[in-house]
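coords please:
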Amino acid sequence: MAEEEQAQAQGENQPQFALQRIYLKDMSFESPDSPEVFRGQWSPKVKLDVNTGAKELDGDLYESVLTVTVTVENADKVAYLVEVKQAGIFGIKNIDGATKKQLLATLCPTTLFPYAREAVDNAATRGGFPPLHLAPINFDALYADAARQSEATAQAEPETSH
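This next block holds a predicted model:
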């Protein structure tokens, strides 16, 4: 019996990461130049903006929000604009601060991205436009680039003494 309690106690101290829920937090679609946009030649220019954010909810629960904004221009006019805020609640327990920060910036958005991509594509097709298949995003590489850039900025700033 004591062995079972000890094994259970050790299991409670193990790092834990679990998806609790995925949900669509906000979504908007605009086609400001319709119906004229459907009358001309279709040669779109796609601009993609991606942002991530996270906040502690309570205890070991965190909300991660992935914001994907797609602006599609045709003939120098906005054909349509889609913004999706895909969110999830993640349980993160017994993980140190730096690793937790990295998980919230990489693994959580990686989990949410397929849902956001589907929502963007669905909005485009329901708006009367061709399907829009967004390429996968490597959030690990983006995180590493941001960390390197932050480190370089910190090293470039001169130290001030009082």
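
and the residue positioned nearest the centre of the chain, bridged to which residues?
What sits nearest the mean C-alpha location of the chain, by Cα atoms, centre = their mean, is Leu66, with 2.7 Å. Taking DSSP bridges, one finds Thr52, Gln86 as the beta-bridge partners of Leu66.

For it, report the pLDDT, please.
For Leu66, the pLDDT comes out at 98.

got a list of what it touches?
Val50, Asn51, Thr52, Lys85, Gln86, Ala87, Cys108, Pro109, Leu112, Phe113, Ala116 (Cβ atoms under 8 Å, 6 or more residues apart in numbering). C-beta coordinates here come from the backbone N, C-alpha and C atoms, glycine included.

With pLDDT added, can I get these in a markdown table?
Formatted as a markdown table, these follow (pLDDT from 0 to 100):
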| residue | pLDDT |
| --- | --- |
| Val50 | 96 |
| Asn51 | 95 |
| Thr52 | 95 |
| Lys85 | 98 |
| Gln86 | 98 |
| Ala87 | 98 |
| Cys108 | 96 |
| Pro109 | 97 |
| Leu112 | 98 |
| Phe113 | 98 |
| Ala116 | 98 |
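
what about burial for these, which qualify?
For these, a burial check counting by 16 or more other Cβ atoms under 10 Å picks out Val50, Thr52, Lys85, Gln86, Ala87, Cys108, Pro109, Leu112, Phe113, Ala116.

what are the C-alpha coordinates of the helix or strand the last one falls within, in PDB please?
It refers to Ala116. In this assignment (DSSP states H and E), Ala116 forms part of helix 107-126. Taking C-alpha atoms only, helix 107-126 is exported to PDB below (Å, rounded to 0.1, in the frame of the first residue of the first chain):
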ATOM      1  CA  LEU A 107       3.400  23.900 -28.600                       C
ATOM      2  CA  CYS A 108       0.100  25.600 -27.700                       C
ATOM      3  CA  PRO A 109       0.000  27.700 -31.000                       C
ATOM      4  CA  THR A 110       1.100  24.600 -33.000                       C
ATOM      5  CA  THR A 111      -1.900  22.700 -31.500                       C
ATOM      6  CA  LEU A 112      -4.300  25.600 -32.300                       C
ATOM      7  CA  PHE A 113      -3.000  26.400 -35.800                       C
ATOM      8  CA  PRO A 114      -4.900  23.700 -37.800                       C
ATOM      9  CA  TYR A 115      -8.200  24.900 -36.300                       C
ATOM     10  CA  ALA A 116      -7.400  28.500 -37.200                       C
ATOM     11  CA  ARG A 117      -6.300  27.500 -40.700                       C
ATOM     12  CA  GLU A 118      -9.600  25.600 -41.200                       C
ATOM     13  CA  ALA A 119     -11.600  28.600 -40.000                       C
ATOM     14  CA  VAL A 120      -9.800  31.000 -42.400                       C
ATOM     15  CA  ASP A 121     -10.300  28.700 -45.300                       C
ATOM     16  CA  ASN A 122     -14.000  28.200 -44.400                       C
ATOM     17  CA  ALA A 123     -14.600  32.000 -44.200                       C
ATOM     18  CA  ALA A 124     -12.900  32.600 -47.600                       C
ATOM     19  CA  THR A 125     -15.000  29.900 -49.300                       C
ATOM     20  CA  ARG A 126     -18.200  31.100 -47.700                       C
END
